[in-house]
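>>> please work out how this folds:
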Amino acid sequence: MSSKHISRRRFLTATATTAAVTIVPRHVLGGPRNIPPSEKLNIAGIGIGGMGKGNLRQLESENIVALCDVDHNYAAGTFKRYPKAKVYTDYRKMLDKQKDIDAVVIATPDHTHAVISMEAMRRGKHVYCQKPLTHDVYESRMLAKAAKETGVMTQMGIQGHSLEGIRLIREWIEDGAIGEVREVDAWCSLSYYPFGHTWWSSKWSRRPKETPTVPSTLDWDLWLGPAPKRPYHQAYHPAVWRCWWDFGCGMMGDRGAHTLDPVFWALKLGHPTSIEATSVDLNTDTHPVASIVIYRFPARGDLPPVKLTWYDGLRAPRPVEIEDGRRLGNVEGGALFKGSKGKLMAGVYGESPRLIPESRMKEYKQPPKTIPRVKGSHEQDWVRACKSGQPAGADFEYSGLLTEVCLLGNVARRIDARIEWDPVNMKVTNLPEADKYVRTQYRKGWSL
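Next up, the predicted model:
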């Protein structure tokens with residue numbers, strides 16, 4: 001125990017004695033430990049072979065004290081980078097055994113985000129979870145509720161939310177740069193076909209029939225977690241799980257969480273009233289090759305209703321205002337805000353916002369920067385929140401609702417129809433058969 005911990009404990013004891021009141025630190029009751037800026041967080045990484053290793057590198061100013069992954073071969077490089085950290089396979093055993101953990105970083109496949117995040121929050125751990133926050137709509141609502149009740153500091157891994165671009169978009173729109181915004185096109189032109197990211201070479205067009213031996217370094221049952229049981233195959237792990245309904249949220253959750261973030265934040269959107277989808281190659285195993293999803297949002301105060309169209313595996317129609325030879329968005333996607341006085345274009349993370357045509361951008365006098373800027377990385381914004389008690393920019397209150405909206409697109413895509421949404425009761429009112437996708441069933445032995 002450090003001298004700082006000793007002095008703090010003595011101070012609390014003395015204060016309690018003087019006031020004749022017993023003051024119990026919140027972390028003793030299961031809440032998050034209060035950590036001053038002068039001390040370092042003790043962080044555990046869960047799911048560290050892919051995106052998780054990048055998150056941890058942004059957190060090396062703190063103490064990386066534990067590492068957990070179901071595939072020790074896939075995570076070997078991260079284990080080697082932090083030799084002092086204790087190594088685990090099962091996150092539950094890690095949380096049981098290692099009591100010095102203050103915060104966790106979760107970068108497992110989508111279908112296990114919710115159960116791990118919930119377990120960590122119940123134990124009073126601050127949580128950074130990769131996008132999309134959850135695998136279904138119900139999970140997102142429950143994680144947002146738990147974050148509020150436990151008082152832990154949370155952040156979803158949408159790094160664009162901590163960048164300059166998203167702030168410029170909101171400031172310009174609030175300044176009236178393009179007038180009243182009633183319509184937005186957003187898109188990701190990438191596709192999982194042939195069932196994996198476009199850069200992934202895969203020979204499996206549907207669920208594989210082969211049953212290869214599970215690698216000795218992989219706990220396949222734990223990798224499956226709450227998902228339906230099925231034999232191990234390289235078509236699922238590593239990296240290709242995103243294209244399967246049982247494990248991933250598709251581009252709607254993957255890139256949608258990024259690209260819809262600046263739209264959602266700048267226009268102060270809430271729950272949509274309806275969502276309609278049209279998809280190519282709809283099936284029960286894999287996400288469609290391409291989709292168009294249309295959301296309709298009601299008016300918010302003095303802000304008008306908004307029609308948001310998401311193009312998945314496609315590009316949005318090219319606006320007449322954009323110059324010949326100029327790319328619409330960037331190679332991955334982007335967003336086009338359509339206002340009564342003009343249009344604003346941005347990249348997939350809200351980066352490089354520009355009014356179009358460029359002549360309009362050059363004549364526009366930008367307003368003062370009124371929104372606070374984030375110092376450092378998105379991960380460091382979470383560290384600041386953990387130490388200050390002031391929420392991070394993409395905490396679960398905000399990102400839970402954003403994720404709900406993205407995953408409602410998946411509900412509409414699964415039935416290839418228009419759904420009407422009751423956010424209070426979390427029900428699809430016109431097609432009740434769609435409710436089974438709002439809250440999916442967990443495998444026996446798993447619960448939220």
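>>> poorly predicted segments of the chain, please.
Within the chain, the stretches with pLDDT under 70 are 1-31, 193-205.
>>> break it down into its structural domains.
Using automatic domain parsing, the domain ranges for the chain come out as 1-27, 28-161, 163-195+250-374+401-437.
>>> winner for burial among those domains?
Among the domains of the chain, ranked by average contacts under mean count of other C-beta atoms under 10 Å, first place goes to domain 28-161 (a mean of 21). For the C-beta atoms, the positions are set from N, CA and C on the backbone; glycine is no exception.
>>> I figured Arg418 was touching Thr273, is that so?
No: at 10.9 Å, Arg418 does not count as touching Thr273 under the criterion of C-beta atoms under 8 Å.
>>> so what sits against both of those two?
Here Arg418 and Thr273 have no joint contacts, going by C-beta atoms under 8 Å, 6 or more residues apart in numbering.
>>> can you give me the helices for the stretch 201-350 of the chain?
220-224, 250-254, 256-266 (DSSP state H, counting those that start in this stretch).
>>> summarise which helices and strands the longest one is packed against.
In other words, helix 256-266. Helix 256-266 sits against helix 164-174, strand 181-188, strand 306-312, strand 333-339, helix 396-415, with contacts defined as 3 or more C-beta pairs under 8 Å, 6 or more residues apart in numbering; DSSP states H and E.
>>> now the angle from the fourth one to strand 306-312?
Here strand 333-339 points in a direction 160 degrees away from that of strand 306-312 (axes from the mean of the first three to the mean of the last three C-alpha atoms, to 10 degrees).
>>> dump the helices and strands packed on helix 256-266 to CSV, plus distance to Glu433.
Shown next, in CSV, are the helices and strands packed on helix 256-266 (distance: least, C-beta to C-beta, whole Å):
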stretch, distance to Glu433
helix 164-174, 37
strand 181-188, 28
strand 306-312, 22
strand 333-339, 31
helix 396-415, 7
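>>> so which of those gets nearest Gly248?
Ranking these by proximity to Gly248 (C-beta to C-beta) places helix 396-415 first, at 10.0 Å.
>>> other SSEs contacting the closest one?
Counting contacts by 3+ C-beta pairs under 8 Å, 6+ apart, helix 396-415 packs against helix 137-150, strand 154-157, helix 250-254, helix 256-266, strand 274-280, strand 290-297, strand 418-422.
>>> dump the C-alpha coordinates for that helix into PDB.
Taking Å, rounded to 0.1, in the frame of the first residue of the first chain, the C-alpha atoms of helix 396-415 are listed here in PDB:
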ATOM      1  CA  PHE A 396     -22.900   4.700 -21.900                       C
ATOM      2  CA  GLU A 397     -25.700   7.200 -21.500                       C
ATOM      3  CA  TYR A 398     -24.900   8.700 -24.900                       C
ATOM      4  CA  SER A 399     -23.400   5.700 -26.700                       C
ATOM      5  CA  GLY A 400     -26.100   3.300 -25.400                       C
ATOM      6  CA  LEU A 401     -28.800   5.300 -27.200                       C
ATOM      7  CA  LEU A 402     -26.600   5.700 -30.300                       C
ATOM      8  CA  THR A 403     -26.100   1.900 -30.300                       C
ATOM      9  CA  GLU A 404     -29.800   1.300 -29.900                       C
ATOM     10  CA  VAL A 405     -30.400   3.300 -33.000                       C
ATOM     11  CA  CYS A 406     -27.800   1.500 -35.000                       C
ATOM     12  CA  LEU A 407     -29.100  -1.900 -33.900                       C
ATOM     13  CA  LEU A 408     -32.700  -1.000 -34.700                       C
ATOM     14  CA  GLY A 409     -31.400  -0.800 -38.200                       C
ATOM     15  CA  ASN A 410     -30.400  -4.400 -37.900                       C
ATOM     16  CA  VAL A 411     -33.800  -5.400 -36.600                       C
ATOM     17  CA  ALA A 412     -35.400  -3.800 -39.700                       C
ATOM     18  CA  ARG A 413     -32.700  -5.500 -41.900                       C
ATOM     19  CA  ARG A 414     -33.400  -8.900 -40.500                       C
ATOM     20  CA  ILE A 415     -37.100  -8.800 -41.500                       C
END
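>>> what angle do that helix and strand 290-297 make?
Going by the same axes, to 10 degrees, helix 396-415 is angled at 130 degrees with respect to strand 290-297.
>>> how far away from the center of its chain is helix 396-415?
In terms of C-alpha atoms, centre = their mean, to the nearest Å, the centre of helix 396-415 is set 11 Å apart from its chain centre.
>>> so who does Ala266 touch?
Residues counted as contacts of Ala266 (C-beta under 8 Å, 6+ apart) are Ile166, Ile169, Arg170, Ile173, Glu174, Phe337.
>>> could you rerun that using 7 Å?
Residues in contact with Ala266 (C-beta atoms under 7 Å, 6 or more residues apart in numbering) are Ile169, Arg170, Ile173.
>>> the first one: what's it in contact with?
Ile169 makes contact with Pro262, Ala266, Leu344, Ala346, Gly350, Pro353 under the criterion C-beta under 7 Å, 6+ apart.
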